[in-house]
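>>> Turn this into a structure:
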Amino acid sequence: DRGYFVEPTVLVSVEGHMTVAREEVFGPVMSVLTYDNVDDAVELANDTSYGLHGGIFTSDLARGLEVAKRVVTGTITINAYGTHPSAPFGGVKDSGVGREHGTEGIATFCELKTYVIPKDLYQTLAASGLPEG
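All right, here's what the predicted structure looks like:
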């Protein structure tokens, strides 16, 4: 009586060409795709027009980092999930442009101004203690 709700659902035997594997599904839904080796897993992960977030779970952290470098996403986690407010967050491909959080995110709210002044004036100002920034 208050809306439509979907119970958490796990879809198995999903293949890469299926709509549920190719489009963003918002809701408590997990699609499970299988792979034969790491190269297949990376190919599956990158074979999408989206790239907001990815995650790798492994007992070999060095190998996990190497795989993470090959996955095309704006953010990727290894043995974790989520982000930290001081780290930039945003997607690639059709998952968006730009970043929020961190200095990169704050920079989008700033307008830079360039000052071009003679070198001797700069040296005078620097000697008297230029303000930072």
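
>>> what's next to the one helix or strand in the chain whose mean pLDDT sits lowest, contact-wise?
For the chain, using mean pLDDT, DSSP states H and E, the weakest element among its helices and strands is helix 102-107, scoring a mean of 82. For helix 102-107, contacts defined as Cβ atoms under 8 Å, 6 or more residues apart in numbering pick out Pro85, Ser86, Ala87, Pro88, Phe89, Gly90, Gly98, Arg99. Any C-beta I mention is one placed from the backbone N, CA and C, and that applies to glycine too.

>>> now the helices for this protein?
Secondary structure of the chain (DSSP state H): helices located at 19-22, 38-46, 61-70, 102-107, 119-127.

>>> hey, least reliable of the ones you listed by pLDDT?
When the helices of the chain are ranked by mean pLDDT, helix 102-107 comes last with a mean of 82.

>>> Please save the CA atoms from that one in PDB.
C-alpha atoms of helix 102-107 as PDB (Å, rounded to 0.1, in the frame of the first residue of the first chain):
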ATOM      1  CA  GLY A 102      38.500  15.100  -2.600                       C
ATOM      2  CA  THR A 103      40.400  18.100  -4.000                       C
ATOM      3  CA  GLU A 104      39.300  17.100  -7.500                       C
ATOM      4  CA  GLY A 105      35.700  17.300  -6.600                       C
ATOM      5  CA  ILE A 106      36.100  20.700  -4.800                       C
ATOM      6  CA  ALA A 107      37.900  22.100  -7.800                       C
END
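
>>> That one: which residues count as buried?
Gly102, Gly105 (16 or more other Cβ atoms under 10 Å).

>>> Stretch 35-47 now?
Ala41, Val42, Leu44, Ala45.

>>> Next: stretch 84-93.
Buried, per 16+ other Cβ under 10 Å, within stretch 84-93: Pro88, Phe89, Gly90, Gly91.

>>> End to end on it, go ahead and measure it.
Stretch 84-93 has an end-to-end distance of 22 Å (Cα to Cα, to the nearest Å).

>>> same check, this time on stretch 48-67
17 Å.

>>> do stretch 74-82 as well
End-to-end distance (Cα to Cα), stretch 74-82: 12 Å.
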